[in-house]
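Peer 1: Below are the sequence and a predicted model; questions follow.
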Amino acid sequence: MQTAILVIVLAPLLGAIVAGLFGRQVGRAGAHWITILGVGASFVLSAWMFYGVALKGVEPFEWSLYRWATVGTLDLEVGFLIDKLTVTMMAVVTFVSLMVHIYTIGYMQDDPGYQRFFAYIALFTFSMLMLVMSNNFMQLYFGWEAVGLVSYLLIGFWYTRPTAIYANLKAFLVNRVGDFGFLLGIAVLLMYAGSLNYQDVFADAQELAGQRIGIIAGQEWMLPTVICLLLFVGAMGKSAQMPLHVWLPDSMEGPTPISALIHAATMVTAGIFMVARMSPLFEHSDTALNVVLVVGALTAFLMGLVGLVQNDIKRVVAYSTLSQLGYMTVALGASAYSVAIFHLMTHAFFKALLFLGAGSVIIALHHEQDIRRMGGLRRYMPITWITSLVGSLALIGFPGMSGFYSKDAIIEAVHNSTLPAAHWAYLAVLSGVFVTALYSFRMFFLVFHGKSRLESHVTHDHQARGAGHAGGALGHGESHAGHEHGHAGPPRESPAVVTVPLILLAIPSILAGAIAARAILKDGFFGGSIIVHADHGAARVLAEEFHDWQAAVIHGLTATPTLLAAAGLATAWVLYLLWPSVPAVLARVFAWPRLVLERKYGFDELNEFLFGGGARGTGDLLSRVGDAVVIDGVGVNGTARLVGWISGKLRWLQSGYLYHYAFAMIIGVLVLLGYFVHGVGR
């Protein structure tokens, strides 16, 4: 097993090194083959370990590879913890990554940065595996920062585009806010637990729960609350929870394959995984759990509303990711950690499917991404159409699809929770079901059904953009330089290297939920990997009510979430197929609410103020006042002027005439005599 662990981790890293450093020597084919073989080996071995640990009952396994450093009594190690939670994440990450690698061959075939892109996505996979397989906080933080670094490189992959540079800088800065809180949480844990090893910290969780920490003079907080809130700040950054969500929609500036990888199985799921892994700590703080509930509910509902007014096909799916991450976070707050991981798993399949389906459409339309300029693609792209339908049905929780089991389980778990914030969170996630169905099928109908809106604009628009295309580095939308700028004939289905990953992702998007539902929801699949206290019984009630997947589907047909999803789908059909003129009327009637949604509640402006213009303005002010006035004016130059003034006065005492010095000596003697005589007289 130790050899398998090393191969799983190091095979993608080896592929990244070869493709990145020796890309010219191995060529395009060599770059994609070495990285695909590396990730493929990781997937095969991850599946083997999943079979052994999750299905055959092999005991959890912990292995410290080597000691990196020793500081006093603290050992900093590189090690691995293999349990059911770990192997589940390993299997999901490597499978989705493998599909993305294969898909990339077709999508990026003419991009000049072909080898570089494969190096980045393989390195991204390595970083995520180090994160989920770690057995200590130091290695967790290494993987945490590594996925952030590689995401910066991938979002800004087309680095000659100003929008891409803005987007990757935005992602980097916002995640630094979250990572600072995460690092503080680890520091507090180290200070009080004296160890960075998971098992040592979790063993001391009960003892830590009885301690308090002073943050503000005269006020003390429960130690677990402080630790969990700080750790959750890190999760808010990585998993894009309000208000640290603003980087995720802009990550669409990267190529579609990396959008799928970031949004589906890697970076954005890191925060969800981390909170689930830290369940022994979070269970000691109802305050932290309530905060998690509120933040997740706000993100799930409000970001879904923003998805209603998005017209870029990738941004619709991006805001869907934000909303679904909110659902996972709500499940964490309800102490239904296993349900959150269940939705993470099913979401990885159907969200990767939706992103890659969107990329297939973009390829067929020669980089067009505005859904208002599509329509009628069903007859041209049957494979993309049917797989996108599967992904959309899974996303809205249609009975029998994978998302149905996990999403409905989240709603029921929140309904069963006794935490104060759960009642409000339940209304938010329940309302979000209607919103999800509406924006999902708005996009689906506008892209694949109705009257085609392709011929009237594509040739003109892309000829106008042709001068800036340059292999995607400067052009509008996605890079695929091999396609002509005009719209030569009708759209065509994407090649097999694109459609085969779509089909392979559609299969678990249908079946994964039914296969895993009983084990996760009823049989306590994750075992000791996740700890839930007796007074947090939402998942336990859910287990008592669940029988099997068939009964869940039958019950789900008449359940409130399904009825809301059907209402959202029907509303989308009426508005965008039956009466397509109505949305324009509604946009005029509800102009102000629409403007609020189009402005994304002003979070982009707030982000610009905090990290953009506001930060620069503060820096300029500090430069003018602090540097120029205080440091230079009062400090350096002021001191120099004071010394010059004093020396200017004192220099008159150094006249160079002997009789001046003799006169000064006589005056000094007389003053001393006077002082002495006066003192004796008293």
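Peer 2: Okay, I see it. Owing to the predicted nature of the structure, the values given are computational and were not obtained by experimental measurement.
Peer 1: May I see the buried residues of the helix or strand hosting T35?
Peer 2: Assessed by DSSP states H and E, T35 sits inside helix 23-50. Neighbour-count burial for helix 23-50, counted by 16 or more other CB atoms under 10 Å, picks out 23, 26, 28, 30-36, 38-46, 49-50. Bear in mind the C-beta positions are built from the backbone N, C-alpha and C, glycine included.
Peer 1: ok, now stretch 155-166?
Peer 2: I155, G156, F157, W158, R161, A164.
Peer 1: Tell me which two in these are the farthest apart.
Peer 2: I155 and R161 (10.9 Å; CB to CB).
Peer 1: residues shared between the contacts of the two?
Peer 2: Any residue near both I155 and R161 by CB atoms under 8 Å, 6 or more residues apart in numbering counts here, and that gives E253.
Peer 1: separation between the residue lying closest to T104 once chain neighbours are set aside and Y114?
Peer 2: Distances taken as CB to CB, 6 or more residues apart in numbering place P257 nearest to T104, at 4.5 Å, with adjacent residues excluded. Distance, P257 to Y114, using CB to CB, to the nearest Å: 12 Å.
Peer 1: shared neighbours of those two, anything?
Peer 2: Here P257 and Y114 have M108 as joint contacts, going by CB under 8 Å, 6+ apart.
Peer 1: Looking at the two, which one has more neighbours?
Peer 2: P257 (28 against 20; other CB atoms under 10 Å).
Peer 1: where does the chain dip in pLDDT?
Peer 2: 217, 455-489, 610-617, 619, 623-629, 632-636, 649-655, 659, 678-682 (pLDDT under 70).
Peer 1: Select the longest strand from it.
Peer 2: In the chain, taking DSSP state E as the definition, the longest strand is strand 61-71.
Peer 1: which residues sit against that one?
Peer 2: Here strand 61-71 has contacts from 1-2, 5-6, 53, 75-83, 135, 138, 199, using CB under 8 Å, 6+ apart.
Peer 1: So which bits of that strand are buried?
Peer 2: Those would be F61, W63, for strand 61-71 by 16+ other CB under 10 Å.
Peer 1: Over to stretch 526-541?
Peer 2: Quick answer for stretch 526-541 (16+ other CB under 10 Å): F526, S529, I530, I531, V532, H536, G537, A538, A539, R540, V541.
Peer 1: Return the subset of the residues you listed lying in helices.
Peer 2: Counting by DSSP state H, those place A538, A539, R540, V541 in helices.
Peer 1: a markdown table for these, including distance to Y601?
Peer 2: Below are these laid out as a markdown table (distance: CB to CB, whole Å):
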| residue | distance to Y601 |
| --- | --- |
| A538 | 29 |
| A539 | 32 |
| R540 | 36 |
| V541 | 34 |
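Peer 1: Spit out the contact partners of M236.
Peer 2: M236 is in contact with G178, G181, M242, L244, G271, V295, counting by CB under 8 Å, 6+ apart.
Peer 1: Among the residues you listed, which are located in helices?
Peer 2: Among those, the members found in helices (DSSP H) are G178, G181, G271, V295.
Peer 1: Assess the claim that the third one and V233 are in contact.
Peer 2: No. Under the criterion of CB atoms under 8 Å, G271 lies out of contact with V233, with a separation of 9.8 Å.
Peer 1: quick one, which of these two is more surrounded?
Peer 2: Between G271 and V233, counting by other CB under 10 Å, G271 is the more crowded of the two (28 against 21).
Peer 1: separation between that one and T418?
Peer 2: From G271 to T418 the distance is 25 Å (CB to CB).
Peer 1: And L511, by the same measure?
Peer 2: 34 Å.
Peer 1: Likewise for A265?
Peer 2: 33 Å.
Peer 1: the more surrounded of the two?
Peer 2: For A265 versus T418, neighbours defined as other CB under 10 Å are more numerous around A265 (27 against 14).
Peer 1: Show the contacting residues for that one.
Peer 2: Here A265 is in contact with V92, V93, F95, V96, S97, M128, A348, A352 (CB under 8 Å, 6+ apart).
Peer 1: Could you list every helix and strand that whichever strand or helix holds the second one packs against?
Peer 2: Right, the one you point to is V93. Assigned by DSSP H and E, V93 belongs to helix 84-107. Using 3 or more CB pairs under 8 Å, 6 or more residues apart in numbering; DSSP states H and E as the contact criterion, the elements in contact with helix 84-107 are helix 2-21, helix 23-50, helix 114-133, helix 256-264, helix 267-277, helix 337-364, helix 496-521.
Peer 1: With V414 as the reference, name the closest of the ones you listed.
Peer 2: Proximity to V414 (CB to CB) singles out helix 337-364 among the helices and strands packed on helix 84-107, at 9.5 Å.
Peer 1: what helices or strands is the closest one leaning on?
Peer 2: Checking 3+ CB pairs under 8 Å, 6+ apart, helix 337-364 ends up next to helix 84-107, helix 256-264, helix 267-277, helix 313-333, helix 382-396, helix 402-416, helix 496-521, helix 538-545.
Peer 1: Now the second one - C-alpha only, PDB.
Peer 2: The C-alpha atoms that make up helix 256-264 are tabulated as PDB, following Å, rounded to 0.1, in the frame of the first residue of the first chain:
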ATOM      1  CA  THR A 256     -12.900  25.600 -20.000                       C
ATOM      2  CA  PRO A 257     -11.100  22.400 -18.900                       C
ATOM      3  CA  ILE A 258      -9.600  24.200 -15.900                       C
ATOM      4  CA  SER A 259     -13.000  25.700 -15.100                       C
ATOM      5  CA  ALA A 260     -14.300  22.200 -14.900                       C
ATOM      6  CA  LEU A 261     -11.400  21.000 -12.800                       C
ATOM      7  CA  ILE A 262     -11.500  23.900 -10.300                       C
ATOM      8  CA  HIS A 263     -15.300  24.000 -10.000                       C
ATOM      9  CA  ALA A 264     -16.000  20.300  -9.900                       C
END
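Peer 1: Pull the residues that contact it.
Peer 2: Contacts for helix 256-264 (CB under 8 Å, 6+ apart): 96-97, 100, 103-104, 107-108, 117, 120-121, 124, 151, 154-155, 157, 248, 251-252, 254, 268, 314, 317-318, 321, 347-349, 351-352, 355-356, 358-359, 362, 478.
Peer 1: I'd like to check the angle between that helix and helix 267-277, please.
Peer 2: Interaxial angle of helix 256-264 relative to helix 267-277 (axes from the mean of the first three to the mean of the last three CA atoms, to 10 degrees): 20 degrees.
Peer 1: quick one, helix 256-264 and helix 84-107 angle?
Peer 2: Going by the same axes, to 10 degrees, helix 256-264 makes 160 degrees with helix 84-107.
Peer 1: I'd like the distance from helix 256-264 to the chain centre, please.
Peer 2: How far helix 256-264 lies from its chain's middle: 11 Å, per CA atoms, centre = their mean, to the nearest Å.
Peer 1: which one of the ones in helices among the contacts of M236 has the most neighbours?
Peer 2: Neighbour max across the ones in helices among the contacts of M236 (other CB under 10 Å) = G271, 28 neighbours.
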